[in-house]
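Undergrad: Fold the stuff below for me.
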Amino acid sequence: MHNVWKSRASLPQHSDKVEILLHSPGGHADIAYRVMKFFRRRFTTVNVIVPLVAKSAATLICLGADAIFMGELAELGPLDVQINDPVDKGEAPTSPVNDFKSMEYLREYAVDILDYFIMEIVERSGMSIREAIHESIPAAVGIIRPLYEKIDPLDLGDHKRALAVGEEYAKRLLKQVRNPKSEQIVDQLVWKYPSHDFAVDFEECRALGLPVDLLEPDDDAALVNVIMEFSRHGLPFDGFITEQGAVGQPTRTKRSEKSRKRKVPAVRTNGHVGIEQ
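TA: Next comes the predicted model:
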């Protein structure tokens, strides 16, 4: 966020298009939302280019784009925020979705246990189903109650609020670009994937209803090489340049030497451009 504000004087107050070359494992949802809102205020069209990785908060940035150009190996990710709880959970960050997935499993387990007891009692004793249900409930409760007692409702409330932040930001960004599947997209990205590292690749993004297209192979290879070189030396990169014929054209589009100059958040390296959050 600091780098965006530091460089904003180099951008016009309003222009037609910006293309953001993004490579990031994530970050803070609040910052990602504010960065994308900044670009949406300054530019009529905002495109995002993802050669490799745009996970978590970087995925949130992508949701505010008019078009997302992805490399062959590119991936976005779920929007379940990561929280740190070194006292109870250890040093590694955890996803609050884990608690809700656990409760979902317990609900299913409780039904399975109840069904099991009912069928066993009916088959072994010849009782009616009504009588078997009456006898089965205490047994099922006796098994499930100790598991539910380990769940802290205060923690669940905190985790629900943490997830609601990313959920609300995603809804607002998708609404701004008038995506007709915004509710389904947010529900899938926040709640449905089994892990924080789940790869939401090009085909998955298209199935979700995101405005994705593939990078041209030459652009894809060139950008990946640049990103890998920066990463190999541990160098972050950011900034703004004006680039004639910048990368990011969809595969079906032919380039024109008369194409309009476009603002691309990036630094120039060996003739290519890039930004890393």
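Undergrad: low-confidence ranges in the stretch 101-250 of the chain?
TA: 101, 154, 156-160, 238-250 (pLDDT under 70).
Undergrad: What ranges does it have for its strands?
TA: 212-214, 240-243 (DSSP state E, counting those that start in this stretch).
Undergrad: tell me what the shortest one is packed against?
TA: Using 3 or more Cβ pairs under 8 Å, 6 or more residues apart in numbering; DSSP states H and E as the contact criterion, the elements in contact with strand 212-214 are strand 67-70, helix 202-208. Yep, even glycine has a C-beta here, placed from its N, CA and C like the rest.
Undergrad: And the shortest one, what does it pack against?
TA: With contacts defined as 3+ Cβ pairs under 8 Å, 6+ apart, the packing partners of strand 67-70 are strand 43-50, helix 202-208, strand 212-214.
Undergrad: What residues sit buried inside the second one?
TA: Taking 16 or more other Cβ atoms under 10 Å as the basis for neighbour counts, the residues of helix 202-208 that come out buried are 202, 204-205, 208.
Undergrad: What is the nearest of those to Asn225?
TA: Phe202 (19.7 Å; Cβ to Cβ).
Undergrad: Give the bridge partners for the closest residue to the closest one other than its chain neighbours, please.
TA: Once flanking residues are discounted, Phe202 sits nearest to Met70: 4.9 Å by Cβ to Cβ, 6 or more residues apart in numbering. Under DSSP bridges, the beta-bridge partners of Met70 are Val50, Leu214.
Undergrad: pretty sure Met70 is in contact with Glu216, am I right?
TA: No: using Cβ atoms under 8 Å, Met70 makes no contact with Glu216, being 11.6 Å away.
Undergrad: out of the two, which sits in the busier spot?
TA: A side-by-side neighbour count of Met70 and Glu216, using other Cβ atoms under 10 Å, places Met70 first with 25 against 19.
Undergrad: What is the longest helix seen in the chain packed up against?
TA: Across the chain, the helix with the greatest residue count (assigned by DSSP state H) is helix 97-125. Packing partners of helix 97-125 (3+ Cβ pairs under 8 Å, 6+ apart): helix 129-148, helix 153-176.
Undergrad: possible to save these as TSV with mean neighbour count and distance to Ile121?
TA: Shown next, in TSV, are these (neighbours: other Cβ atoms under 10 Å; distance: least, Cβ to Cβ, whole Å):
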stretch	mean neighbour count	distance to Ile121
helix 129-148	14	4
helix 153-176	16	33
